[in-house]
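J.: need a 3D model of the following:
(2 chains)
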Amino acid sequence: MLNILWPIFIIISIIYAFISGNIANINNSIFESTESAINVTITLLGMTCLWSGIMEIASKTKIIDFFAKVLHPVIRFLFPNINSDSKSYDNIMMNIIANILGLGNAATPLGLKAMNELQKENKNKDVLSDNMMMLIVLNTASLQIIPTTIIALRSSLGSSNPTMIIFPVWVSTICAAIVGIIFTKIIIKYTRN
Amino acid sequence: MNIINYISIIVIPLVILIIAFRGLKEKISVFDIFIKGATDGLEITLKIFPTLVGLFVAIGMLRSSGILEFITELISPILVMLRFPAEIVPLALLRPISGSASMAIATEIIKQSGVDSFIGILAAVIMGSTETTLYTIAVYSSSVKIKNTRGVIFAALAADLTGIIVSLLIVNLVPVLFLPFSP
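T.: Below is the predicted model of the structure:
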């Protein structure tokens, strides 16, 4: 995917900047972008280490068995060919819980950890497995109970009722997630060799 | 509002508290296990760093070249014909590509249109119900060196599109469900 998108993004940007005389902006943005990649990585590094460590503890306790039982039907439906004793099962579960609780900083590290475990079970290491596809789509669906960031933004801009958006966000998120899951199931079916 | 603020403040400490407490109670070597997991975390983050550099540079070019504004102007008339509000078009286009850019644009839209206006609420609902699709797919796939993503982007974009359309429909119902929009 990025083998095509990445060069296209760069080529159209630079050509357009030449035509419109914005080339100085592009030049500056190159330096700014590498710098912000470093900043994001440093933030992510601390968070990923912390949550990988916390998750490792959780997976050794009985907490994980409790959630495994509660979420079993949902995970069975979304990830039909996953082994419920595997480490990837625990990681997927913790990722879903972190997403729902709105632990944005924890959800990505836990998701990456789940990808790591799923790759160990993956037969073709160059291609996304069915379970990886479903995990990615769930993580693009923004499944949180309370959209805290956007409520904070509304509050800071002086809304008379900042939390009013919660219900519309739920409806919209759920519809988006359902469509995402259906499409993923269809794509999985037609791209399986 | 205060309750929701409070919940979002206590949830992370609470999760860590429960896990640390259970670990101690079940007599496992909590810190050794933590270090083992944290070491995995180090490796995972280092693996995605090259992806972030590549992605940020390309997205930075898209933003700074002005081509996004050009594309917005190009397709705005079509979307407006479909009764999609013109103010929201740049947000809808940028949302799947860049998290920080779409947040900046959403903030700008909300400021200009009013936080409790139709457009202001719509921008907030779109931000709350969608994610930075391209970033998520790139980071997740590259963390395990996947080359073929099997068209997962189409499923994710279909979800984003649904999120945006449903946001538009539901925000139209806001005056019926809650309060009338303020000007």
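J.: where along chain A do the helices fall?
T.: Here chain A has its helices, by DSSP state H, at A:2-20, A:23-60, A:63-78, A:87-101, A:104-121, A:130-139, A:148-156, A:166-191.
J.: which of these is buried the deepest?
T.: Burial of these is given as mean neighbour count (mean count of other C-beta atoms under 10 Å in any protein chain shown); helix A:130-139 ranks first at a mean of 25. (Each C-beta comes from the backbone N, C-alpha and C, glycine too.)
J.: which neighbouring elements make contact with that one?
T.: Applying 3 or more C-beta pairs under 8 Å, 6 or more residues apart in numbering or on different chains; DSSP states H and E, we find helix A:130-139 packed against helix A:87-101, helix A:104-121, helix A:166-191, helix B:133-142, helix B:152-172.
J.: tell me the contacts of the most centrally placed residue in chain A?
T.: What sits nearest the mean C-alpha location of chain A, by C-alpha atoms, centre = their mean, is residue A:139, with 3.2 Å. When contacts are counted by C-beta atoms under 8 Å, 6 or more residues apart in numbering or on different chains, residue A:139 touches A:95, A:99, A:107-108, A:111, B:131, B:136, B:140.
J.: ditto for residue A:27
T.: Contacts of residue A:27 (C-beta under 8 Å, 6+ apart): none.
J.: how near is it to residue A:75?
T.: 48 Å (C-beta to C-beta, to the nearest Å).
J.: what's the answer for residue B:85, then?
T.: Distance from residue B:85 to residue A:75, by C-beta to C-beta: 38 Å.
J.: gap between the residue nearest the centre of chain B and residue A:54?
T.: The C-alpha lying nearest the average C-alpha coordinate of chain B belongs to residue B:131 (C-alpha atoms, centre = their mean; 3.0 Å). Between residue B:131 and residue A:54 the distance is 23 Å, computed by C-beta to C-beta.
J.: and for residue B:33?
T.: Distance from residue B:33 to residue A:54, by C-beta to C-beta: 10 Å.
J.: swap in residue A:177?
T.: For residue A:177, the distance to residue A:54 - C-beta to C-beta - is 26 Å.
J.: and what of residue A:159?
T.: 34 Å.
J.: next: residue B:88.
T.: 38 Å.
J.: what does residue B:48 give?
T.: From residue B:48 to residue A:54 the distance is 19 Å (C-beta to C-beta).
J.: residue with max distance from the center of chain B?
T.: Distance to the chain centre peaks in chain B at residue B:27, reaching 39.2 Å (criterion: C-alpha atoms, centre = their mean).
J.: make sure that one is indeed in a strand.
T.: No. Counting by DSSP: H, G, I helix; E, B strand; the rest coil, residue B:27 is not found in a strand; it is coil.
J.: remind me which residues of chain B are low pLDDT?
T.: Within chain B, the stretches with pLDDT under 70 are B:1-2, B:4, B:179, B:183.
J.: longest single helix anywhere in it?
T.: Per DSSP H, chain B has its longest helix at helix B:30-65.
J.: list the buried ones in it?
T.: Residues of helix B:30-65 classed as buried: B:30, B:33-34, B:37-38, B:40-41, B:44-45, B:47-49, B:51-65 (neighbour count, 16 or more other C-beta atoms under 10 Å in any protein chain shown).
J.: chain center to the helix or strand following that helix, what's the gap?
T.: Downstream of helix B:30-65, the first helix or strand assigned by DSSP states H and E is helix B:67-81. Distance of helix B:67-81 from its chain centroid, counting by C-alpha atoms, centre = their mean, to the nearest Å, is 22 Å.
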